[in-house]
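In: Using only what follows, build the 3D model:
(one chain, ligands or ions: 1)
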Amino acid sequence: MLPGVSSELPARSYDVVIVGGGVQGLALAYELCRRGVTSVAVLDRSWPGSGASGRNGEMIRSAFASTEWSRLFHHSLARWARLSAELDFNVLFSPTGYLILASTEDEVRRCAQDAATHARLGIDTEVLDARAARRLLPAANPDLVFGGLLQPRAGFAHHDAVVWAYLRAAARLGAHVFPGVEVHAVSTAAGRVTGVRTSRGPISAGAVVNAAGAAAGQLNQTAGVRLPLVQARLEMIVTEALKPFLRHAVASPHLLGYCHQTGRGEFVGGTELPRTDETGSLNATYELLRDMARKWVRLFPALAGVRLLRHWAGTVSEAPDLAPVIGTAPGISRFYLTIGWVYGFMAAPASADLLAEQIVTGHVSPLIEPFSAQRLLDGRLISESSLVVAAGGALAGR
Ligand SMILES: Cc1cc2nc3c(=O)[nH]c(=O)nc-3n(C[C@H](O)[C@H](O)[C@H](O)COP(=O)(O)OP(=O)(O)OC[C@H]3O[C@@H](n4cnc5c(N)ncnc54)[C@H](O)[C@@H]3O)c2cc1C
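Out: This next block holds a predicted model:
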């Protein structure tokens with residue numbers, strides 16, 4: 001049994017109802033309770049962590065190309081460093097370093113540009129030439145290693161441990177978490193949220209938060225909120241345990257892939273095709289399996305012939321600029337959004353902290369202000385060029 005999960009029926013009323021028990025919803029519940037909000041319910045139609053939060057690549061960094069992404073994610077990285085102690089549970093955060101691999105001269109130039117942004121923001125990164133990057137990745141095919149950008153304090157954590165830790169910490173502080181409760185609609189009256197209609201009956205709420213992951217766009221529409229979000233499917237593999245050969249988390253814009261090796265020795269990696277897969281299915285595909293096998297063996301030739309333990313898919317929601325949407329829903333008071341998360345695992349400690357602050361005090365932190373829903377309606381998209389994500393959006397991708 002997951003800690004803090006209730007098998008009772010939800011009550012008829014809460015101060016805050018959070019739709020979605022992924023890392024965003026659970027971290028937010030924890031942050032709200034930490035601020036003294038005691039009547040918080042998290043409703044999930046499945047089980048906590050069943051969405052992208054239990055299916056992701058676990059990678060964590062704050063070194064992005066744009067000021068907006070870097071500042072928000074750097075707040076998160078600072079929190080990751082003390083998260084196990086704070087939540088009283090080991091989330092297996094491994095700050096082994098995160099390398100953005102450059103495989104062309106153009107990518108080397110971009111690393112240098114991004115490093116200048118990081119220096120301005122006080123984010124510790126280091127540009128590596130080919131020789132230094134090859135020293136760091138001795139198992140890599142040197143033909144693909146032209147240089148890179150290393151963030152020494154970034155890395156990865158264990159996604160199941162993170163979900164578990166937030167769930168337990170939120171429940172200890174009084175949050176109520178209900179699996180198997182589907183929210184059919186967000187209810188509103190006179191421009192204000194009044195609650196949710198669920199598979200277990202109506203629930204009234206002083207505030208409702210959409211943290212529904214890939215289903216966020218559909219949930220918005222039940223309240224008449226129309227934002228340009230699409231659903232995107234991503235896939236990953238994990239191999240049998242291997243001798244240590246990869247210390248750092250590595251993202252390769254050239255291969256559209258990201259990977260790391262766990263403490264137990266498993267290689268965990270995902271790649272993408274240069275188009276967005278909007279099918280929404282959780283079935284893994286042969287096409288991606290072949291893409292991942294081909295690209296990872298090309299980068300790390302020693303992976304040829306290793307056995308796969310698992311291959312899975314997960315879905316996320318994406319805005320046109322691939323940036324998250326955090327804050328109030330346009331036109332509906334007390335309806336909040338934390339959606340459009342493509343890198344929402346690594347951002348959760350920050351986004352939950354700052355959104356909880358907004359819900360409780362009304363103060364909108366300058367770190368989340370650029371990520372408002374209104375930006376999508378006004379066409380103020382955020383340009384972020386260091387994402388290793390298929391270029392489905394208007395501005396992102398390489
Ligand atoms: C293959 C893959 C690799 C990734 N790699 C990384 C990575 O390395 N680093 C990183 O930071 N991010 C990564 N991501 C993205 C990251 O996983 C997501 O951004 C993050 O998990 C989003 O969390 P969430 O809580 O918003 O959504 P989810 O974890 O998807 O949770 C949403 C929850 O809402 C519930 N729900 C939906 N609709 C309803 C409804 N109507 N009623 C009740 N409940 C509902 C679902 O059951 C689900 O549990 C990856 C994602 C995938 C799929």
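
In: hey, where'd the helices end up in the stretch 1-150 of the chain?
Out: 23-34, 67-80, 83-87, 105-121, 130-136 (DSSP state H, counting those that start in this stretch).

In: And stretch 68-76, how far out from the chain middle?
Out: 13 Å (Cα atoms, centre = their mean, to the nearest Å).

In: could you list every residue that touches the most centrally placed residue in the chain?
Out: Centroid-nearest residue in the chain, with Cα atoms, centre = their mean: residue 344, separated by 1.7 Å. Neighbour list for residue 344: 22, 23, 24, 52, 53, 316, 324, 351 [criterion: Cβ atoms under 8 Å, 6 or more residues apart in numbering]. C-beta: built from backbone N, CA, C; applies to glycine.

In: please redo it, this time with the cut-off set to 7 Å
Out: Going by Cβ atoms under 7 Å, 6 or more residues apart in numbering, residue 344 touches 23, 24, 324.

In: Quickly note the distance from residue 358 to residue 122.
Out: Distance of residue 358 to residue 122, computed by Cβ to Cβ, to the nearest Å: 24 Å.

In: what about those two, which has more around it?
Out: More crowded of residue 358 and residue 122, by other Cβ atoms under 10 Å: residue 358, with 17 against 9.

In: List the buried residues in the host helix or strand of that one.
Out: Residue 358 belongs to helix 344-361 when assigned by DSSP states H and E. Buried positions in helix 344-361, judged by neighbour count with 16 or more other Cβ atoms under 10 Å: 344-360.

In: Over to stretch 207-221?
Out: 207-217, 219-220.

In: Among those, which ones lie close to the ligand?
Out: Residues of the buried residues of stretch 207-221 in contact with the ligand (Cβ under 6 Å from any ligand atom): 211, 212, 213, 214, 215, 219.

In: ranges for the strands of the stretch 201-350 of the chain?
Out: Assigned by DSSP state E, counting those that start in this stretch, the stretch 201-350 of the chain shows strands spanning 201-210, 230-241, 249-252, 257-261, 266-271, 308-318, 325-328, 335-339.

In: can you put the ones you listed in CSV and add distance to residue 287?
Out: Shown next, in CSV, are the strands of the stretch 201-350 of the chain (distance: least, Cβ to Cβ, whole Å):
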stretch, distance to residue 287
strand 201-210, 31
strand 230-241, 9
strand 249-252, 19
strand 257-261, 15
strand 266-271, 11
strand 308-318, 11
strand 325-328, 30
strand 335-339, 27
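
In: any chance of the ones you listed in TSV, with mean pLDDT too?
Out: Shown next, in TSV, are the strands of the stretch 201-350 of the chain (pLDDT from 0 to 100):
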stretch	mean pLDDT
strand 201-210	98
strand 230-241	97
strand 249-252	98
strand 257-261	98
strand 266-271	98
strand 308-318	97
strand 325-328	98
strand 335-339	98
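
In: what's the most buried one of those?
Out: Per-stretch averages of neighbours, counted by mean count of other Cβ atoms under 10 Å, single out strand 335-339 among the strands of the stretch 201-350 of the chain, with a mean of 27.

In: Quick one: neighbours of the closest residue to residue 304 other than its chain neighbours, just the number.
Out: In this structure, residue 304 finds its nearest non-sequential neighbour in residue 297, 4.9 Å apart by Cβ to Cβ, 6 or more residues apart in numbering. Residue 297 has 15 neighbours, counted by other Cβ under 10 Å.

In: same check, this time on residue 60
Out: Residues within reach of residue 60, counting by other Cβ under 10 Å, total 27.

In: do residue 282 as well
Out: Burial of residue 282 is recorded as 15 neighbouring residues (other Cβ under 10 Å).

In: just checking, it touches residue 311?
Out: No: if you go by Cβ atoms under 7 Å, residue 282 and residue 311 don't touch, sitting 11.8 Å apart.

In: before we move on, back to that, which ones among the buried residues of helix 344-361 come in contact with the ligand?
Out: Counting by Cβ under 6 Å from any ligand atom, 344, 345, 346 from the buried residues of helix 344-361 sit close to the ligand.

In: how near is the first one to residue 350?
Out: Here the criterion is Cβ to Cβ. By it, residue 344 lies 11 Å from residue 350.

In: Setting aside sequence neighbours, what's the nearest residue to residue 185?
Out: In space, and not counting its chain neighbours, residue 185 is closest to residue 222: 3.8 Å by Cβ to Cβ, 6+ apart.

In: got a pLDDT number for the one you found?
Out: On the pLDDT scale, residue 222 is placed at 98.

In: That one contacts residue 186, correct?
Out: Yes: in this structure residue 222 lies within contact range of residue 186 using Cβ under 7 Å: 5.3 Å.

In: Compare the two and say which is more crowded by neighbours.
Out: residue 186 (26 against 16).

In: Can you verify that one is assigned to a strand?
Out: Yes: counting by DSSP: H, G, I helix; E, B strand; the rest coil, residue 186 falls inside a strand.

In: That one and residue 194 touch, don't they?
Out: No: with contact defined as Cβ under 7 Å, residue 186 does not reach residue 194; the gap is 8.8 Å.

In: wait, which of the helices of the stretch 1-150 of the chain is closest to residue 43?
Out: Residue 43 lies closest to helix 23-34 among the helices of the stretch 1-150 of the chain, at 8.7 Å (Cβ to Cβ).

In: Run the contact check for that closest one versus the ligand.
Out: Yes: counting by Cβ under 6 Å from any ligand atom, the ligand has neighbours in helix 23-34: 23, 24, 25.

In: What is the neighbour count of the first one?
Out: Think residue 23. Residue 23: 32 neighbours (other Cβ under 10 Å).
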